[in-house]
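1. When you get a sec, could you give me coordinates for this:
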Amino acid sequence: MQDAPLTHALVQAYWRELDARYRLENVRRFPELNAISPERIDRLRTFFLDYVYPPAERRPERDQAFLHFGAFLRSPRKLWPLLGQAASSVFKLGRMLGAALKAAYHTLEAYNESERLEAFMLETADKSGYRPESFESPEAVRDLVRMIPERRIARFQAELIALFDALANVKLLKTTLEIMEGSLKVMQTQASLYSEAEFRGLNYGYSILKAGHDLFLEMGESQAALVLRGIALIERDWLETIMRRTPATQNPGPISDVPLASQ
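-> The predicted model follows:
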């Protein structure tokens, strides 16, 4: 990205939008989500802001980790030796191995989509004369979103939903984590083949999946399904609310003040 101060301001502005739409007061706008406890909503919001879309100051660490995590997942030369040695369950999985690693790939794709979206938003902001201080207004990022083809935002949201859908399959995710745990142990014993940066990359991916596993582990199937529906509902409502609102010269207030079209 070409302008570091503008990038930082944009990332923080979108981070604040995520923070706002997963706060209790906004989630409670949807009556069907009332069965989700405040504690669970807070844990979901924390997971979003810590792992899925961290604040700008943690981006260098995340970007370096995903650079190596992505290279690792896409390299059979690096991946298969680990899988062959790391877990006895790999042989038993057979054709299910791809499904077991699905959450890891969706984690990478969610990251890639966020990068593509941010790059497009930054280019649009730069061409439109945005300055870092422009994003001090909560409405600035929403005006910027209106300038972007809806399909670009929707694609990022779709990958987020796919990631959470994979995380909610805790039984399969448990196998994924076992494979990754074994792989990390093997990497530590084969330092000549795997660098410290590669180890940190895989460990970072593992930490995201472990946190996601812990998030959904305590839920029953019906509660997990409700949380997944809730994420899709909140993301869709946020985008539709922004797209139907006329760009304003003044800040009209937080998104929690905007009623649903059906209300």
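
2. residue ranges with poor pLDDT in the protein?
-> Along the chain, the parts satisfying pLDDT under 70 run over 1-3, 76, 80-81, 83-97, 246-263.

3. can you pull out the strands in it?
-> Counting by DSSP state E, the chain has no strands to list.

4. Would you tell me which helix is longest in it?
-> The longest helix of the chain (DSSP state H) is helix 102-127.

5. ok, the residue nearest to Q157 when sequence neighbours are not counted - how many residues close by?
-> Distances taken as C-beta to C-beta, 6 or more residues apart in numbering place E235 nearest to Q157, at 4.4 Å, with adjacent residues excluded. (Each C-beta comes from the backbone N, C-alpha and C, glycine too.) By other C-beta atoms under 10 Å, 20 other residues sit near E235.

6. go on, E61?
-> 12.

7. And for R77?
-> So R77, with other C-beta under 10 Å, has 7 neighbours.

8. ditto for G98
-> G98 has 10 nearby residues by other C-beta under 10 Å.

9. Roughly how far does it sit from L172?
-> Using C-beta to C-beta, to the nearest Å, we find G98 at a distance of 11 Å from L172.

10. same deal with P60?
-> Separation of P60 from L172 (C-beta to C-beta): 32 Å.

11. So for these two, which residue has more residues nearby?
-> L172 (17 against 9).

12. Would you check that the more buried one makes contact with A100?
-> Yes - contact criterion C-beta atoms under 8 Å: L172 and A100 qualify, at 5.8 Å.

13. What residues sit buried inside the longest helix of the chain?
-> Neighbour-count burial for helix 102-127 flags 102-111, 113-114, 117-118, 120-122, 124-126 (criterion: 16 or more other C-beta atoms under 10 Å).

14. Next: stretch 202-222.
-> Of the residues in stretch 202-222, 202-206, 208-213, 215-216, 219 count as buried by neighbour count, 16+ other C-beta under 10 Å.

15. swap in stretch 144-152?
-> Going by neighbour count (16+ other C-beta under 10 Å), the buried part of stretch 144-152 is L144, V145, I148, R152.

16. Pull up the distance across it, start to finish.
-> Distance across stretch 144-152, first residue to last, is 13 Å (C-alpha to C-alpha, to the nearest Å).

17. which stretches of the stretch 51-200 of the chain form helices?
-> 59-73, 76-86, 89-93, 97-100, 102-127, 138-146, 150-167, 170-189, 196-217 (DSSP state H, counting those that start in this stretch).

18. what comes into contact with the last one?
-> Under the contact criterion C-beta atoms under 8 Å, 6 or more residues apart in numbering, helix 196-217 has outside partners 43-44, 47, 50-52, 62, 64-72, 78, 103-104, 107-108, 163-164, 167-168, 170, 173-174, 176-177, 180-181, 183-184, 187-188, 224, 227.
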